[in-house]
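Enquirer: I'll drop the sequence and a predicted model, then ask my questions.
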Amino acid sequence: MRKITIIGAGQSGLLMGIGLRKKGYDVTIITNKTGDEIYNGGILSSQAMFGAALDIERDFGTDFWEDECPKIDGISLTVAAPDGTKAIDWAARLTTGHANSIDQRVKMPLWMNEFERLGGKLVIDEVTIDSLEIIAAECDLVMVASGKGDIGKMFERDAEKSAFDKPMRALGLTYVRNMTARTEYSTVGFNIIPGVGEYFSFPALTTTGTCDIMVFEGIPGGEMDCWGGVSSPEQHLDMSKNILEKYLPWEADRCTEIELTDDNGILAGRFPPTIRKPVGRLPSGQIILGIADSICLNDPITGQGSNNATKSTKIYFDSIINHADKDFDSAWMQQTFDEFWAYAKYVVEWTNAFLLPPQDHVLQILGAAGQHPETAQKIVDGFNDPRDFFPWFMDADAAAEYLKKIAQP
């Protein structure tokens, strides 16, 4: 029986561990928090998962909240005008299956229990370079699914694939209840405030039941880069409301009665989107493999984090199974990452484009979607598979051809 150790118990680490246990592998997951500590701790992310990623969870048998979690039926997009009105405003239903969002404080403890129920070994410990040397010597393969601390530094930043070397947004998350629901159908509601930042919200399931997640993306140094002086949950909620009242009055109208789901339902921070090389080398020369966010960390502006992690897990999982009893050498590790990168490079390029001032052709397409439902549909379904944005959305010449085509009677 092949012995595999996974460092990190998040979306990718636990999904991989559960999948491998079902295939009979000897799997250990090492993480620094118990399920209870996660459940009772602070929020971890603003996860919204679309159809293709949810199908992978279903295939792995980990979709425990299908009936309980509120469904996200579509995506809406609004661009704010300087006078406080809506310059662009449209919505469309997803045709690729509903999306959903489950607070990782809910998801991860249950997945940890499921992993142990299947015979996996869950170890609560802090992993150091020295302890990782011992682990690697005892295992056929070590995968790192957490990019924090000294272990994350084992993976070299890939300057060729990383477009930015600094944070591109100041991030704020607020989990609330009592937000007024959208009419007709639920959406991930994107709002773009040119020169200031972005705001989006969507229904989710948290520790206290159903909720809405508010995501603020402020351009560094701008007016939405405002979380530094916030020191309490109450101040965080007030800041969230103030941003909407100033820039997005139509969203503020939905939030007159909101309150925090819990005092831990807030998060603020910033990080540079970073791509790292997948093979880490320990001081002894032993090698370890990076997976998901540990080597491909995107800004959450396009909501692809958990989707990317899940698709990465599926590609790595298939590669492990197909590799049978052969050595997990550096060539196999690089090839496995390259298979993932063949998909992820499109996600990264598309996401990075939204972190820069929008190009004219993108604004033209977003505007055209308000008059052409088929264009809105094409954009909305692209969130399920961002490869579908190429080249018509990302390339100026291809966009011109597309816009010319849809303008024809």
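Expert: The structure has been received and is ready for your questions.
Enquirer: Check whether residue 9 really touches residue 108, as I assumed.
Expert: Yes: Residue 9 lies in contact with residue 108 (C-beta atoms under 8 Å); the separation is 6.2 Å. Using the backbone N, CA and C atoms, a C-beta is placed for each residue, glycine as well.
Enquirer: which of those two has more neighbours?
Expert: Taking other C-beta atoms under 10 Å, residue 9 and residue 108 do not tie; residue 9 has more neighbours (27 against 22).
Enquirer: for that one, what are its contacts?
Expert: 17, 29, 31, 33, 108, 111-112, 122, 145 (C-beta atoms under 8 Å, 6 or more residues apart in numbering).
Enquirer: same thing but 10 Å
Expert: 17, 29-35, 38, 108-109, 111-112, 115, 122-124, 145-146 (C-beta atoms under 10 Å, 6 or more residues apart in numbering).
Enquirer: same deal with residue 235?
Expert: Per C-beta under 10 Å, 6+ apart, neighbours of residue 235: 227, 229, 266.
Enquirer: any idea how far residue 304 is from residue 56?
Expert: 14 Å (C-beta to C-beta, to the nearest Å).
Enquirer: Neighbour count for these two, which is higher?
Expert: Taking neighbours as other C-beta under 10 Å, residue 56 and residue 304 compare with residue 304 leading, 24 against 20.
Enquirer: three-state assignment of residue 253?
Expert: Classification of residue 253 using DSSP: H, G, I helix; E, B strand; the rest coil returns helix.
Enquirer: start the count at 31, not 1, going forward
Expert: Understood, numbering begins at 31; the last thing we discussed is residue 283.
Enquirer: pLDDT wise, what is the closest residue to it other than its chain neighbours at?
Expert: Among residues not flanking residue 283 along the chain, residue 210 sits closest, at 7.3 Å (C-beta to C-beta, 6 or more residues apart in numbering). pLDDT, residue 210: 97.
Enquirer: Tell me, how many residues neighbour residue 210?
Expert: When neighbours are counted by other C-beta under 10 Å, residue 210 comes out with 13.
Enquirer: In what element of secondary structure is it found?
Expert: Using DSSP states H and E, residue 210 falls within no helix or strand.
Enquirer: ok, it - contacts?
Expert: Shown in contact with residue 210 (C-beta under 10 Å, 6+ apart): 242, 281, 283-288.
Enquirer: And residue 312, by the same measure?
Expert: By C-beta under 10 Å, 6+ apart, the neighbours of residue 312 are 159-160, 162-163, 165-167, 172, 181, 184, 318.
Enquirer: how about 7 Å then?
Expert: By C-beta atoms under 7 Å, 6 or more residues apart in numbering, the contact set of residue 312 is 159, 162-163, 166, 184, 318.
Enquirer: which of these are buried?
Expert: With neighbours counted by 16 or more other C-beta atoms under 10 Å, the contacts of residue 312 contain buried members at 162, 166, 184, 318.
Enquirer: can you put the residues you listed in JSON lines and add secondary structure?
Expert: Shown next, in JSON lines, are these (three-state DSSP):
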{"residue": "162", "secondary structure": "helix"}
{"residue": "166", "secondary structure": "helix"}
{"residue": "184", "secondary structure": "coil"}
{"residue": "318", "secondary structure": "strand"}
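Enquirer: Show me which pair in those is furthest apart.
Expert: Based on C-beta to C-beta, the longest span within those runs between 166 and 184 and measures 10.8 Å.
Enquirer: Find residues that contact each of those two.
Expert: 312, 318.
Enquirer: just to revisit the earlier point, closest to residue 268 among the buried ones among the contacts of residue 312?
Expert: residue 184 (41.0 Å).
Enquirer: Now for this structure, the helix or strand with the poorest mean pLDDT.
Expert: When the helices and strands of the chain are scored by mean pLDDT, DSSP states H and E, helix 179-182 comes last with a mean of 80.
Enquirer: Contacts for that helix next, please.
Expert: Counting by C-beta under 7 Å, 6+ apart, 37, 157-159, 162, 174, 176, 324 sit against helix 179-182.
Enquirer: Would you mind measuring from the most centrally placed residue in the chain to residue 201?
Expert: With distances taken as C-alpha atoms, centre = their mean, residue 335 lies nearest the centre of the chain, 1.7 Å away. Taking C-beta to C-beta as the measure, residue 335 falls 12 Å from residue 201.
Enquirer: all helices of this structure, in order?
Expert: Applying DSSP state H to the chain gives helices spanning 41-52, 65-69, 81-90, 134-147, 159-168, 179-182, 263-277, 279-282, 335-353, 360-383, 390-398, 403-412, 426-437.
Enquirer: Mean neighbour count, those: which tops it?
Expert: Highest mean neighbour count among the helices of the chain (mean count of other C-beta atoms under 10 Å): helix 41-52, with a mean of 26.
Enquirer: Run the chain-centre distance for that helix.
Expert: Its chain's average C-alpha position is 18 Å from that of helix 41-52, according to C-alpha atoms, centre = their mean, to the nearest Å.
Enquirer: so it versus helix 335-353, what angle?
Expert: 30 degrees (axes from the mean of the first three to the mean of the last three C-alpha atoms, to 10 degrees).
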